[in-house]
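Enquirer: below are the sequence and a predicted model for it; my questions follow.
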Amino acid sequence: MYKLLILVALSLSLALTGCSKEVAGGAAVGAVGAGAAYEWQADKAMEDLKEEREAGKISQDEYERRKEEIEKRSLLQ
């Protein structure tokens with residue numbers, strides 16, 4: 001779902017700007033930056049989740065459920 005949303009957003013931005021090199025390059029850099037920031041946040045969430053599980057703050061079932069949610073939202077999956 002997120003991949004489709006990003007693809008649509010990039011397509012619309014290119015279509016509305018007339019596909020000039022400067023704008024297309026800026027849009028690509030912006031999209032990469034946003035994707036990297038999102039993946040960094042997802043990686044941080046996974047680290048925090050592992051720490052909670054190792055500390056015994058959450059059950060294995062809760063760990064698996066939350067891990068699955070984070071993986072679903074990942075752009076790289």
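Expert: Structure's in. What do you need? Note that the structure is a prediction, hence the values are computed from the model and not measured.
Enquirer: okay, now the unreliable bits of this structure?
Expert: 1-5, 7-8, 10-35, 75-77 (pLDDT under 70).
Enquirer: if we go to 50?
Expert: The chain contains no residues with pLDDT under 50.
Enquirer: tell me which stretches of it form strands.
Expert: Read by DSSP state E, the chain holds no strands at all.
Enquirer: for it, what spans make up the helices?
Expert: Taking DSSP state H as the criterion, the chain contains helices spanning 2-17, 21-54, 60-73.
Enquirer: so what does residue 58 have for phi and psi?
Expert: Phi and psi for residue 58, reported as degrees, to the nearest 10, are phi -130, psi 160.
Enquirer: number of residues surrounding it?
Expert: 15 (other CB atoms under 10 Å). All C-beta atoms are positioned from the backbone trio N, CA, C, and that covers glycine.
Enquirer: which residue sits closest to it, ignoring its sequence neighbours?
Expert: The shortest distance from residue 58 to any non-neighbouring residue, by CB to CB, 6 or more residues apart in numbering, is to residue 52 (5.0 Å).
Enquirer: how near is the one you found to residue 37?
Expert: 23 Å (CB to CB, to the nearest Å).
Enquirer: comparing those two, which residue is more hemmed in?
Expert: Comparing residue 52 with residue 37 by other CB under 10 Å, the one with more neighbours is residue 52, at 14 against 10.
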